[in-house]
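Trainee: This is a predicted model, with the sequence first.
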Amino acid sequence: MWGVDPFMVWLVIGLLLIVLEFIIPGGIVVLLGLACLIVSGAQMIGLVNDFTTSMTLWFISSMILLLTCRSITQRLVGGDSHIGNTDERVDLFNQLAVVKQDIGPGQTAGRIRYLESDWNALGDGSVIKAGSKVKIICRENIGFIVEPVSEEINIDNLK
């Protein structure tokens, strides 16, 4: 069309994608670049000579490389993998908080301070006075169920 050799276009795109792997890590971009180099090589030896065949070869070789080499590149490049606790109820159990507004008697809700925020809280039916330390038992909708703890716990560890 403009006198540009398709071999060179595929070669430059392939090399560009391989270099981009250093900017966009993950192991996929390098495999797409390798597929471009395969198309470039096929055009150089005369196996491929039109755009449709080139795109088909690129698509097929990309899929084959992605399916076969993805685990290898993932080990080499690494990635953002993090395994965290997905059950927040486990993280809440036995955490300490301070009562900001009296809780009780009975089912009368009060307020606690936990993780630098105030939350609704219900107790065991007894009155828990403001300033007391409590232990979180579980979460109830957008509030907590708490029970009083002894005064021996260091309040400096609370957030």
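Mentor: Cool, the structure landed. Numbers count the residues shown, from 1 in each chain.
Trainee: residue contacts, residue 11?
Mentor: Each residue near residue 11 by C-beta atoms under 8 Å, 6 or more residues apart in numbering is listed here: 36, 37, 40. The way it works is simple: take the backbone N, C-alpha and C, and place the C-beta from them, glycine included.
Trainee: again, only using 7 Å
Mentor: By C-beta atoms under 7 Å, 6 or more residues apart in numbering, the contact set of residue 11 is 37, 40.
Trainee: same thing with residue 142?
Mentor: Per C-beta under 7 Å, 6+ apart, neighbours of residue 142: residue 120.
Trainee: if you set the cut-off to 8 Å instead, what comes out?
Mentor: With C-beta under 8 Å, 6+ apart, residue 142 has these contacts: 119, 120.
Trainee: what's the spacing between it and residue 121?
Mentor: 11 Å (C-beta to C-beta, to the nearest Å).
Trainee: Would you mark the buried spots in the longest helix along the chain?
Mentor: For the chain, the helix with the greatest residue count under DSSP state H is helix 51-77. Residues 54, 57, 58, 61, 62, 65, 73 are the ones in helix 51-77 that count as buried (16 or more other C-beta atoms under 10 Å).
Trainee: and which of the residues you listed is nearest residue 137?
Mentor: For those, the residue nearest residue 137 by C-beta to C-beta is residue 73; the value is 46.9 Å.
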